[in-house]
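> fold the stuff below for me.
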Amino acid sequence: MRRRRRVKILATLGPASGDQAMITRLFEAGADVFRINMSHTQPDRLREMVRMIRAVEEEQGRPVGILADLQGPKLRIGTFAEPAVMLDRGATFVLDSDPTPGTAGRVFVPHPEVLASLEPGHRLLLDDGKIRLLVVETSPTAAVCQVEVGGRLTARKGLNLPDSLIAFPALTEKDHRDLEAALDAGVDWIAMSFIQRPEDLAAARKITRGRVGLLAKIEKPQAITCLKEIMESADALMVARGDLGVEMPLEKVPGLQKQITCMARSMGKPVVVATQMLESMISSPVPTRAEVSDVATAIFEGADAVMLSAESASGQYPVEAVATMNKIAEEVECDPTYRTVIRDHRAPPERTGADAIAAAARQIAETLGLSAVVSWTSSGATAFRVARERPAMSIVAISPSLATGRKLALVWGVHAVIAEDARDQDDMIDRACRTAFSEGYARSGDRIIVVAGMPLGMPGATNMVRIAYVGAEAAE
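Model (predicted):
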């Protein structure tokens, strides 16, 4: 199935989309990658969902990506003796290490590393920022706070610490179990939550050993301070605007989205924009005009993918949400200003042979009006570098590796085709022409440009570019 857009769509699976028939409908509506949120998924359910996605993939004859999103060190407060307590503005409220049920004056924090990281002047946010506290005094077992914004508080609400660098492990025990289960099930991408520093990716990297791509979710202020280093350590990025908007002033989030997207594009790392993109479609068959503009903005910025969360996981209109996002993407990419914006935000090629070849291929293809850029790639590296250039024509990636094709489902503009590796250069050119024709990206008489690494099958050796003519024999 050929998409009529370059940006990819991630759809989160959940109670509203947890059977094979619905997954098929979501794929046909436009989903390219399916996200499994491990915060709400047990390993057995994960394996069942992967099995269903792979069945849909086989049925559709297209590589489909799967992203397992690890919960990460989600911080929560303890319980209360009453169903809820009311915190008044200006009152004193203590977070401590006492596990007994809390009151209107104190609550247990089951994370000793949190109490160890707090200092006077640090802010604390409870229940997605609805309640705000200011730390005034600390000890190894308690933090005395003043309530700046009060309200009703119930048990086990989330706790955010925008000013504190917390010394917790990047992978919790649950994350370790979920990561092993995800690798065993055969997912393609692992998303790591609440990344604070590049070292947070190292623990997962030791376990995955290159079997999957690692996606760093940018959702904490601490990550912003070392953004470049995190990007260098990750294989892909996600602008996780939900928690980012809780821990940082909301008005800063749009600028950060642009900054992260621009930097990721410059480094050739796929970037996903996520959270509340079509939020109203959880309960409405149509989005708001502001939501449509929000999705369009991410696409104009050149994001590799846009993501649906609750809209497709638990909403009343999951298929309609994917179809709506698909229509928005198609319309934006047909807009006459789209190519201008994409071109103006293109970064100069990095000083590597692969980037020089990819940039040259894009420039030649656009200058000559070629029909497609065809990339032969075993690891996906060549296709990643071509996609970094955001060419005006489609990118067809031919790979002998199904795992590579699935990973490329996340990458802007790439249409992956799984085929045996070429025997030699002549076979490579001939099959590139036939593939571009059969997949609908070129007609007889068109020209394409082929990018590859020689010798064939050597990952990361992009060093060849060649213009090829699609003759009548390609249709045979």
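> low-confidence ranges in the protein?
Within the chain, the ranges that satisfy pLDDT under 70 run 457-460, 475-476.
> domain ranges for it?
Following automatic domain parsing, one finds the domains of the chain at 8-72+170-334, 84-160, 353-475.
> need the ones you listed in CSV with mean neighbour count and distance to Arg2, can you?
Just so you know, the C-beta spots here come from the backbone N, C-alpha and C atoms, and that holds for glycine as well. Output for those, formatted as CSV (neighbours: other CB atoms under 10 Å; distance: least, CB to CB, whole Å):
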stretch, mean neighbour count, distance to Arg2
domain 8-72+170-334, 20, 9
domain 84-160, 17, 40
domain 353-475, 20, 5
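> CSV please, covering the ones you listed and showing distance to Val341.
Formatted as CSV, the domains of the chain follow (distance: least, CB to CB, whole Å):
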stretch, distance to Val341
domain 8-72+170-334, 5
domain 84-160, 32
domain 353-475, 10
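> closest to His345 out of those?
domain 8-72+170-334 (5.8 Å; CB to CB).
> now for Val144: which residues touch it?
Val144 makes contacts with Thr92, Val94, Val135, Val136, Glu137, Thr138, as judged by CB atoms under 8 Å, 6 or more residues apart in numbering.
> oh, that last question was meant for Met325, not what I typed.
Counted by CB under 8 Å, 6+ apart, Met325 has contacts Ile9, Gly30, Met277, Leu278, Val295, Val306, Leu308.
> what is the nearest of those to Gly150?
Met277 (31.1 Å).
> quick one: residues contacting the nearest residue to that closest one once chain neighbours are set aside.
Excluding its sequence neighbours, the residue lying closest to Met277 (CB to CB, 6 or more residues apart in numbering) is Val295, at 5.3 Å. Val295 makes contact with Met277, Leu278, Val306, Met325, Ile328, Ala329, according to CB under 8 Å, 6+ apart.
> could you find the closest non-adjacent residue to Arg106?
Val94 (4.1 Å).
> that neighbour: helix or strand, and which one exactly?
strand 92-96 (DSSP states H and E).
> and the contacts of that strand?
By CB under 8 Å, 6+ apart, the surrounding residues in contact with strand 92-96 are 77, 87, 104-109, 114-115, 118, 124, 133, 141-147.
> again, but for stretch 120-129
77, 95, 118, 131-138, 143, 145, 151, 153-154, 157-164, 246-247.
> give me the element Ala432 is part of.
Short version, using DSSP H and E: Ala432 is in helix 425-438.
> which helices and strands does that helix pack with?
Judged by 3 or more CB pairs under 8 Å, 6 or more residues apart in numbering; DSSP states H and E, the packing partners of helix 425-438 are strand 372-376, strand 394-399, strand 447-453, strand 462-469.
> what angle do that helix and strand 447-453 make?
130 degrees (axes from the mean of the first three to the mean of the last three CA atoms, to 10 degrees).
> ok, residues contacting helix 425-438?
371-372, 374, 376, 396, 398, 417, 419, 422, 442-444, 446, 448, 450, 452, 454, 456, 464, 466, 468-471, 474-475.
> okay, angle between that helix and strand 462-469 too, please.
Computed by the same axes, to 10 degrees, the angle between helix 425-438 and strand 462-469 is 60 degrees.
> excluding covalently adjacent residues, which one is nearest to Val465?
Distances taken as CB to CB, 6+ apart place Ala361 nearest to Val465, at 4.9 Å, with adjacent residues excluded.
> what's the spacing between that neighbour and Ile418?
Going from Ala361 to Ile418 by CB to CB, to the nearest Å gives 22 Å.
> now Val411
The spacing between Val411 and Ile418, counted by CB to CB, is 15 Å.
> A helix includes Leu171, no?
No. Leu171 is assigned coil when assessed by DSSP: H, G, I helix; E, B strand; the rest coil, not a helix.
> ok, it touching Arg205?
No. Using CB atoms under 8 Å, Leu171 is not in contact with Arg205; the gap is 10.7 Å.
> which of the contacts of Val144 sits closest to Glu320?
Distance to Glu320, by CB to CB, is smallest for Val135 among the contacts of Val144, at 45.1 Å.
> mind giving me the packing neighbours of the helix or strand harbouring that closest one?
Assessed by DSSP H and E, Val135 sits inside strand 131-139. Applying 3+ CB pairs under 8 Å, 6+ apart, one finds that strand 131-139 contacts strand 123-126, strand 142-149.
> mind redoing it with 10 Å?
Here strand 131-139 is seen to pack against strand 84-87, strand 92-96, helix 112-117, strand 123-126, strand 142-149, strand 151-154 when contacts are counted using 3 or more CB pairs under 10 Å, 6 or more residues apart in numbering; DSSP states H and E.
> tell me which of these approaches Val50 most closely.
Of the helices and strands packed on strand 131-139, nearest to Val50 by CB to CB is helix 112-117, at 32.7 Å.
> chain center to the closest one: distance?
Relative to the chain's own centre, helix 112-117 is displaced by 30 Å; criterion: CA atoms, centre = their mean, to the nearest Å.
> residues contacting that helix, please?
73, 75, 77, 95-97, 109, 111, 124, 138-143, 159, 161, 163-169 (CB atoms under 10 Å, 6 or more residues apart in numbering).
> dump that helix to CSV, keeping only the CA atoms.
The C-alpha coordinates for helix 112-117 follow below in CSV (Å, rounded to 0.1, in the frame of the first residue of the first chain):
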residue,chain,number,x,y,z
PRO,A,112,14.0,7.9,48.5
GLU,A,113,16.0,9.3,45.6
VAL,A,114,13.4,12.1,45.4
LEU,A,115,13.9,13.2,48.9
ALA,A,116,17.6,13.0,48.4
SER,A,117,17.5,15.3,45.4
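> tell me what the helix or strand containing Arg385 is packed against?
Following DSSP H and E, one finds Arg385 within helix 381-388. Contact here means 3+ CB pairs under 10 Å, 6+ apart; on that basis helix 381-388 packs against helix 253-267, helix 353-368, strand 372-376, strand 394-399, helix 402-407, strand 414-418, strand 447-453, strand 462-469.
> got the angle for it vs strand 462-469?
70 degrees.
> ok, back up a step: of the contacts of Met325, which is the nearest to Arg388?
Arg388 lies nearest to Val306 out of the contacts of Met325, by CB to CB, at 18.4 Å.
> centre of the chain versus the helix or strand hosting that closest one, how much separation?
If you go by DSSP H and E, Val306 is part of strand 305-308. Distance, stretch centre to chain centre, for strand 305-308: 7 Å (CA atoms, centre = their mean).
> which helices and strands does that strand pack with?
Strand 305-308 packs on strand 8-13, strand 33-37, strand 65-69, strand 236-240, strand 271-274, helix 289-300, helix 318-334, going by 3+ CB pairs under 10 Å, 6+ apart.
> quickly run through the sheet partners of it, with directions.
strand 8-13 (parallel), strand 271-274 (parallel) (DSSP bridges).
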